[in-house]
Every structure is written in C-alpha cells, then in structure tokens.
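**Student:** sequence-free structure coming up:
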Ligand code: ADP
C-alpha cells in the first residue's frame, strides 16, 4: 500500500495517528472522485436534451414553412424541456437525500401500498397490464411517508413502464419476526446478469432502454436506493433475460 504519510517510527500513538490520517485522506479522495464523476455525468445528461433543442430551433429558423411544421417542432421541444425538468428535479431530490438524516415516525406501509396500487391501475388498464396485489394489513415501520411514497412510486412506475402490453405486475408483501418485505414483480424482457450489479447507480440505464422513449432519467433506482438506505433497509433485484424481474425492499418492522 502506498502511504501519503510516511511515518517510519514504531506503531505508537504517533504511528496510529498517521494511519488514521491516511485513511481519512483516502476517504476524502474517494468522496471527491465520486462527486466529480457525478457532476460530469449530470452535465452530460443535461447536455443531451439541450443539443436536441438547439438543433430543432436551428432547423425551425432556417427551413420550416407551414404552421404544422412549427406545431410539430414545438411539441418536440416541449418533450425535451419536460425531460430537462424531470432531470433537474431528480438531481435536486437526490442531492438533498444525500445530505439528510430524516425524522422517522410509525408508518403503515400497507395503507401506502394500497393507495399507490389503486393509482397505478389507471396506468395499467389502457395497456391491458394485469396489476395484482397481495398486501397484508398493518405493516408498520419507522419511516418518512413522503420518502416512502417516492420509493414505492419509483418501483411501481418502473414495473408498469418496463412491462410490455398484456403483461403482469404483482405487488406482494411478506413479514417475518423482524422484517417487512415488499416485492414488486413484473413480466417483460428481464435484465441481463451484466446489467444487474449497476442498476442502482446514478444514470445507469440498460442499453436497449436508453434509446426507447420511456422518458427515463436513470435516477429512479438511485433515488430508491438512497431512500432505503436512509431507512436502514435493503433493496435487491433479481432477474434474468426473458424472465420476470423482482425488486425486494426490506425494512425492520416496528411492532
Ligand atoms: P429510468 O429512468 O431509466 O427508469 P431507473 O434508475 O429507474 O431509470 O432504472 C434504471 C434501468 O433499470 C432502466 O433504464 C431499465 O433499463 C432498468 N429497469 C428498472 N426497473 C425495471 C423493471 N421493473 N423491469 C425491467 N427493467 C427495469
């Protein structure tokens, strides 16, 4: 190991101090690199819609003629601006989450889930997606209801978004002596083993979904991960290509 602080004396108090300082520097450097990568990625993600907007405006100014042409351009511009707004909101939310310790109070996940599943039925129906639930009653945990709503919204939104028409989504809960587990399962093309370890990273999107117009930002699961972390829980994903995908969130029960 290369050390920044070269203390060659014995491992007495000064030696231990030197080692502690060295470890602190490692951690600072890591945090700094993480921040730099994040800023770089965020700038790149912001630039993509801006480039599209600039290109569309250029064409409109130099070539377009009919009101229909302008109408179409304005609609495309609106889509890109919406994308920028979603991106900015998610970035802000994620940054705030990172800086926070949250106040926790008893929350019934059961109630939250039932309300959300009902809302998502409206999105699932037109696409003939069967949205089923088996949600137990009284699933109390210590949490923050706004953040938990965001977390479950993200998971349900993805499940419906990435399920093809006529597919299925299930929301299940399970409890054991200490924990509450929530599973969101959906049919579809599944996720390859090479993608699975990266899903919770910021801006990571499976290649084939990048080009699709799902309007995603690649931040939904990173936000989900942070919210679960703030609640002291865990989030995992299981999937294989052409198999169902299961996201499992587990929290310590508050009984
Ligand atoms: P996005 O904004 O792209 O949805 P997320 O962070 O929410 O970003 O998800 C990252 C990627 O993980 C998605 O682009 C998609 O490829 C994949 N993914 C997430 N949820 C699911 C799911 N339920 N089924 C299949 N793929 C999923």
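**Tutor:** Noted; the coordinates are in hand. Treat the numbers as computed from the prediction; the structure is a model and nothing was measured.

**Student:** Now do the same for the longest helix along the chain: mean pLDDT, whole number.
**Tutor:** Using DSSP state H to define each element, the chain has its longest helix at helix 13-62. For helix 13-62, mean pLDDT is 91.

**Student:** so how far is it from its chain's centroid?
**Tutor:** Helix 13-62 sits 18 Å away from the centroid of its parent chain (C-alpha atoms, centre = their mean, to the nearest Å).

**Student:** packing partners for that helix?
**Tutor:** Based on contacts counted as 3 or more C-beta pairs under 8 Å, 6 or more residues apart in numbering; DSSP states H and E, the elements that helix 13-62 packs against are helix 67-98. The way it works is simple: take the backbone N, C-alpha and C, and place the C-beta from them, glycine included.

**Student:** got the buried residues for the helix it packs on?
**Tutor:** Taking 16 or more other C-beta atoms under 10 Å as the basis for neighbour counts, the residues of helix 67-98 that come out buried are 77, 80, 83, 84, 87, 90, 91, 93, 94, 97.

**Student:** Mind giving me the packing neighbours of the helix or strand following that helix?
**Tutor:** Using DSSP states H and E, the helix or strand that follows helix 67-98 in sequence is strand 105-108. Other helices and strands packing on strand 105-108, by 3+ C-beta pairs under 8 Å, 6+ apart, are strand 140-143.

**Student:** what's in contact with the strand it packs on?
**Tutor:** The list of residues contacting strand 140-143 from outside it, by C-beta atoms under 8 Å, 6 or more residues apart in numbering, reads 104-109, 180, 231, 251-255.

**Student:** change it to 10 Å
**Tutor:** Residues from elsewhere that reach strand 140-143 (C-beta atoms under 10 Å, 6 or more residues apart in numbering): 102-112, 148, 151, 179-180, 182, 227, 230-233, 250-255.

**Student:** chain center to it: distance?
**Tutor:** Its chain's C-alpha centre and that of strand 140-143 lie 21 Å apart, by C-alpha atoms, centre = their mean.

**Student:** and after it, which helix or strand comes next?
**Tutor:** helix 145-161.

**Student:** Now do the contacts for residue 114.
**Tutor:** By C-beta under 10 Å, 6+ apart, the contact set of residue 114 is 108, 133, 135, 137, 171.

**Student:** Now which of those would you call buried?
**Tutor:** Buried positions within the contacts of residue 114, assessed by neighbour count (16+ other C-beta under 10 Å), are 108, 133, 135, 171.

**Student:** Out of the residues you listed, which comes closest to residue 32?
**Tutor:** For residue 32, the closest of the buried ones among the contacts of residue 114 turns out to be residue 171, at 40.0 Å, with distances computed as C-beta to C-beta.

**Student:** just the residues of the stretch 101-250 of the chain that are near the ligand, which are they?
**Tutor:** Applying the criterion C-beta under 6 Å from any ligand atom, the portion of the stretch 101-250 of the chain that neighbours the ligand consists of 158-159, 162, 186, 188, 191, 199, 204-206, 209, 216-222, 245.

**Student:** can you tell if the longest helix of the chain touches the ligand?
**Tutor:** No - contact of helix 13-62 with the ligand is not found when judged by C-beta under 6 Å from any ligand atom; the minimum separation is 10.6 Å.

**Student:** quick thing: my sequence starts at 52, can you match it?
**Tutor:** Understood, numbering begins at 52; the last thing we discussed is helix 64-113.

**Student:** Now do that helix against helix 118-149, angle only.
**Tutor:** Note on geometry: by axes from the mean of the first three to the mean of the last three C-alpha atoms, to 10 degrees, helix 64-113 and helix 118-149 are set 170 degrees apart in direction.
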